[in-house]
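Undergrad: When you get a sec, could you give me coordinates for this:
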Amino acid sequence: MTAFAEDALSCNGFLGGRVRLWQPVKGYRAGVDPVLLAAAVPARPGEAVLELGCGAGQALLCLAARVPDLQLAGVELQPPYAELARCNAAENDQEIEVFEADLSALPEVLKQRQFHHVFANPPYYKPGAHSLARDVGRQVALGEGTPLADWITTATRRLAPKGYLHMIQRADRLPDMLAACSGGLGSVEVLPLAPRQGRGAELVILRARKGGRADFRLHAPLILHEGARHERDGDSYHPQIRAVLREAAALSWPV
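TA: Model (predicted):
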């Protein structure tokens, strides 16, 4: 099936079973963050979408499950994960062009294209800021090898005029993202994601538009879970978040 041994993979359901995803048992495993990111992208049928660092294809497939007839492409550094993304596309009856490439050396054919939307879930940790994972795939996915600014620069170049970038990242990386947006992106909005009421935001979703001129907007935090603390086994997501994760609903940005 892929470069991974068959017994080294598990098949997991997302969006209430709308997406079936094969992923390594011990390597990098996708969680809810890519699902939230995909839900935040306001793509429309017929538009072209590119994901930088697509991994096994979770976010692209979640977006495709919500919005039909998209032109989907992904860039993935690690060949085994790129191959897995292709297999997952076939598993879900979707067409995704997956390019095995470093962001600093995209294929010429990709450099000639522009997209209505580019999105990414870059590694969260700066070099040396997290403990090394034993699995190479997980280590590459979590530890920054390419500077965060380069992710945004690459995304900006691939965006069509007025196209949108969406990126999910740790909240403490927000200054780096905002600084990198100054070279061609505007109309920046930041949606903080807080685990519970009264808790600080751990993640943020950044939205920016190529050539945008609207004022910067920092929205109130989106609270993921009900209650002040985890008190029971099972699902404690707020209804809006549950609809995103289980029913393929869009993540509505404040207006």
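
Undergrad: hey, where'd the strands end up in the stretch 51-200 of the chain?
TA: Assigned by DSSP state E, counting those that start in this stretch, the stretch 51-200 of the chain shows strands spanning 71-76, 96-100, 115-120, 159-170, 185-194.

Undergrad: between the shortest one and strand 71-76, what angle do the directions make?
TA: Per axes from the mean of the first three to the mean of the last three C-alpha atoms, to 10 degrees, the angle that strand 96-100 makes with strand 71-76 is 20 degrees.

Undergrad: residue contacts, A171?
TA: Contact partners of A171, counting by C-beta atoms under 8 Å, 6 or more residues apart in numbering, are P192, G200, A201, E202, L203, V204. To be clear about C-beta, it is placed using only N, CA and C from the backbone, and glycine gets the same treatment.

Undergrad: Turn the residues you listed into CSV, columns for distance to P68, neighbour count and pLDDT.
TA: Converted to CSV, these look like this (distance: C-beta to C-beta, whole Å; neighbours: other C-beta atoms under 10 Å; pLDDT from 0 to 100):
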residue, distance to P68, neighbour count, pLDDT
P192, 31, 18, 98
G200, 37, 9, 94
A201, 32, 20, 96
E202, 33, 15, 96
L203, 28, 22, 98
V204, 29, 23, 98
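
Undergrad: Closest one to G53 out of those residues, please.
TA: Distance to G53 across the contacts of A171 (C-beta to C-beta) is lowest for L203, with 16.0 Å.

Undergrad: pretty sure that closest one contacts I168?
TA: Yes: assessed by C-beta atoms under 8 Å, L203 is found in contact with I168 at 6.0 Å.

Undergrad: Find residues that contact each of those two.
TA: Contacts common to L203 and I168, judged by C-beta under 8 Å, 6+ apart, are D33, L193.

Undergrad: Check which helices and strands the helix ranked longest in the chain is in contact with.
TA: Identified as the longest helix of the chain according to DSSP state H is helix 79-91. If you count contacts as 3 or more C-beta pairs under 8 Å, 6 or more residues apart in numbering; DSSP states H and E, helix 79-91 packs onto strand 19-24, helix 58-66, strand 71-76, strand 96-100.

Undergrad: which one of the contacts of A171 sits closest to T156?
TA: V204 (18.5 Å).

Undergrad: ok, now which ones touch the closest one?
TA: I168, Q169, R170, A171, L174, V190, L191, P192, L193.

Undergrad: what's around the third one, how many residues?
TA: Other residues near R170 number 18, with proximity taken as other C-beta atoms under 10 Å.

Undergrad: what about the spatially closest residue to it that is not a sequence neighbour, how many neighbours?
TA: In space, and not counting its chain neighbours, R170 is closest to Y124: 4.8 Å by C-beta to C-beta, 6 or more residues apart in numbering. Counted with other C-beta under 10 Å, the neighbours of Y124 add up to 20.

Undergrad: Pick the most buried one from the helices and strands packed on helix 79-91.
TA: Comparing the helices and strands packed on helix 79-91 by mean neighbour count (mean count of other C-beta atoms under 10 Å), helix 58-66 ranks first with a mean of 25.

Undergrad: Who are the packing partners of that helix?
TA: Other helices and strands packing on helix 58-66, by 3+ C-beta pairs under 8 Å, 6+ apart, are strand 9-14, strand 19-24, helix 33-40, strand 48-52, strand 71-76, helix 79-91, strand 96-100.

Undergrad: what about those, which gets the closest to I152?
TA: strand 48-52 (9.5 Å).

Undergrad: Can you list the low-confidence ranges for the protein?
TA: Applying pLDDT under 70 to the chain flags residues 1-3, 6, 127-144, 228-234.

Undergrad: Okay, now stretch 53-68: how far is its last residue from its first?
TA: Terminal residues of stretch 53-68 are spaced 22 Å apart (C-alpha to C-alpha, to the nearest Å).

Undergrad: which residues does R158 contact?
TA: Taking C-beta under 8 Å, 6+ apart, we find R158 in contact with L50, L110, R113, Q114, F115, V118.

Undergrad: if we can go back for a sec, now the helices and strands packed on helix 58-66 in a markdown table, with distance to Q240?
TA: What follows is the helices and strands packed on helix 58-66, written out as a markdown table (distance: least, C-beta to C-beta, whole Å):
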| stretch | distance to Q240 |
| --- | --- |
| strand 9-14 | 17 |
| strand 19-24 | 19 |
| helix 33-40 | 10 |
| strand 48-52 | 23 |
| strand 71-76 | 25 |
| helix 79-91 | 27 |
| strand 96-100 | 28 |
